[in-house]
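[1] need coordinates for the following:
(one chain, ligands or ions: 1)
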Amino acid sequence: MKKEKKQIYIDKEALAVLEMLQEGILAPVVSLMDLESGREVMKSGLYKGVSFPSPLLFSPNGKKNQEVILQSKHGDEIDLYYADKKVGNFWVENVFEVDQDERVKKILGGDLGHPEYLRIRQRFGKYAISGNFIVEGNRNIAQNKTKITQKIQDLRAKKICGVMLNANPIHKVHEKILQEALLKHDLLVIFVPHHNNWFLPFSLRLQSLEYVVKHFLPSQKIIIAPLDYTYLLAGQNRMILNALICKNYGCTDFIASLGSSDLSTFVEGDRTCTVMDQIQGVDIDIHLLSEYVYCKICNTIKSTKICPHGKHHHISYDSKNFFEMLKFGLMPPEVFMRKEISSMILTHLFPGRAKKLNKLYSDLVSHEGIVEDKEENFYESLSGLYHVK
Ligand SMILES: [Zn+2]
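    Down below sits the predicted model:
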């Protein structure tokens, strides 16, 4: 009787990580680490001389998965399943025990109060396997690669800049950063992490970014590339991975804002230090933009580096605050967010509300009202009234 093949069940994130490895997006890490290389990365933060924040191991949790792993030996072949569908094969080399706490700590950059701590900790089983594998994922990476390579050829681009943008929601300082990048580079690749657990669903974040790119930026010089979200990108160390991912997609430059909490900045003497200072071996130029704020005296968006006015005159741009306003049904002032973007988000948060308010609106203004097909147009028209004095 034919022996039935062993099966391991993985989730979307694990599949995404395996696909990233397979496609070379995390190079020089192109395969799962074994006990020894994992230990080395844990100790030095380096893999083959290149910064890598944490060991990349395969230790899917769950009673059955862990049983299969424990019973495996060198040379065994295992089927990988995601959502009841076979998505790949795994050829076992070694089975070993891992210190899950150490690993999670490393991924999160030592921050044990991180909101993702428990979720990530639960993902990891006690035993890991190393070995070769092939997987069939969602092919996002292959599609991104094709798009980027094609565009580089079309534009004969030499300087290609990568930026990670959650657009959660997208605001005017984001736009400013994209403009800065476009001024100095031939092509800009905007990576948008595919994550639905944030304030706004991925589709809406993507839609709003596409809108800004199409209407307010030189769209022919921009590629928007969805990036599968994985636990690897949860912690402070994600910036190192972000730079590595950009490099492996063909970017020559990587841009990030010092205003970003991801950089875990601290001040040493008169200079700001970030996690990026320690990065080694990643062949990409890293540009850190100083933080942008709205200055009430200058009456415009300014870099904190060149605005002579004190902090108490500055309003910082924090997507979370703008989202809080929108949740109350308030439109953030246009100096923070474009009215079209606020409209999209309000329509998403309060479906059907514009229809009810339309009567009120037409009562307020004397013209024919704005019975529109698209709800978003209601908010935009209303915001126009705020400017009338
Ligand atoms: Zn100022």
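
[2] helix, strand or coil: sort out the most centrally placed residue in the chain for me.
    Nearest to the geometric centre of the chain sits Pro193, at 3.4 Å (Cα atoms, centre = their mean). Going by DSSP: H, G, I helix; E, B strand; the rest coil, the secondary structure assigned to Pro193 is strand.

[3] now it: closest residue in space that isn't a chain neighbour?
    Counting by Cβ to Cβ, 6 or more residues apart in numbering, Tyr229 is the residue found nearest to Pro193 once chain neighbours are left out, at 4.5 Å. Any C-beta I mention is one placed from the backbone N, CA and C, and that applies to glycine too.

[4] other residues contacting the helix or strand where Ser343 lies?
    Using DSSP states H and E, Ser343 maps to helix 339-349. Residues from elsewhere that reach helix 339-349, judged by Cβ atoms under 8 Å, 6 or more residues apart in numbering: 169-171, 200-201, 204, 207-208, 211-212, 215, 323, 326-327, 329, 331-332, 353-354, 375-380, 383.

[5] one more time with 7 Å
    Under the contact criterion Cβ atoms under 7 Å, 6 or more residues apart in numbering, helix 339-349 has outside partners 169-170, 200, 204, 207-208, 211, 326-327, 329, 331-332, 354, 375-376, 379-380, 383.

[6] neighbours around Ser381, how many?
    For Ser381, the neighbour count with other Cβ atoms under 10 Å is 18.

[7] and what of Pro28?
    The tally of other residues near Pro28 (other Cβ under 10 Å) stands at 15.

[8] so after the helix holding Ser343, what's the next helix or strand?
    helix 353-364.

[9] and the angle for that following helix with helix 339-349?
    Going by axes from the mean of the first three to the mean of the last three Cα atoms, to 10 degrees, helix 353-364 is angled at 120 degrees with respect to helix 339-349.

[10] residues from the protein in reach of the ion?
    Cys295, Ile297, Cys298, Cys307, His309 (Cβ under 5 Å from the ion).

[11] so the residue nearest to the centre of the chain makes contact with Ala225?
    No. Here Pro193 does not reach Ala225: they are 10.4 Å apart, not a contact under Cβ atoms under 7 Å.

[12] returning to what we had before: please name the residues that touch the residue nearest to the centre of the chain.
    Asn166, Leu227, Tyr229, Leu233.

[13] remind me what the helix or strand encompassing the second one packs against, helices and strands.
    This means Leu227. Counting by DSSP H and E, the element that carries Leu227 is strand 222-228. Other elements packing on strand 222-228 under the criterion 3 or more Cβ pairs under 7 Å, 6 or more residues apart in numbering; DSSP states H and E are helix 140-155, strand 187-194, helix 202-216.

[14] how about stretch 168-180, which residues are buried there?
    Neighbour-count burial for stretch 168-180, counted by 16 or more other Cβ atoms under 10 Å, picks out Asn168, Pro169, Ile170, His171, Lys172, Val173, His174, Glu175, Lys176, Ile177, Leu178, Glu180.

[15] what's near enough to touch the fifth one?
    By Cβ under 7 Å, 6+ apart, the residues touching Lys172 are Ile301, Val335, Phe336, Met337.

[16] 8 Å - rerun?
    Contacts for Lys172 (Cβ under 8 Å, 6+ apart) come out as Ile301, Tyr317, Val335, Phe336, Met337, Arg338.

[17] and which of those residues is nearest the ion?
    Each of the contacts of Lys172 was scored against the ion by Cβ to the ion, and Ile301 proved nearest at 10.1 Å.

[18] residue contacts, that closest one?
    By Cβ under 8 Å, 6+ apart, the contact set of Ile301 is Lys172, Val173, Lys176, Tyr292, Val293, Tyr294, Cys295, Val335.

[19] now do the same for it: its pLDDT.
    The score at Ile301 is 92. That number is its pLDDT.
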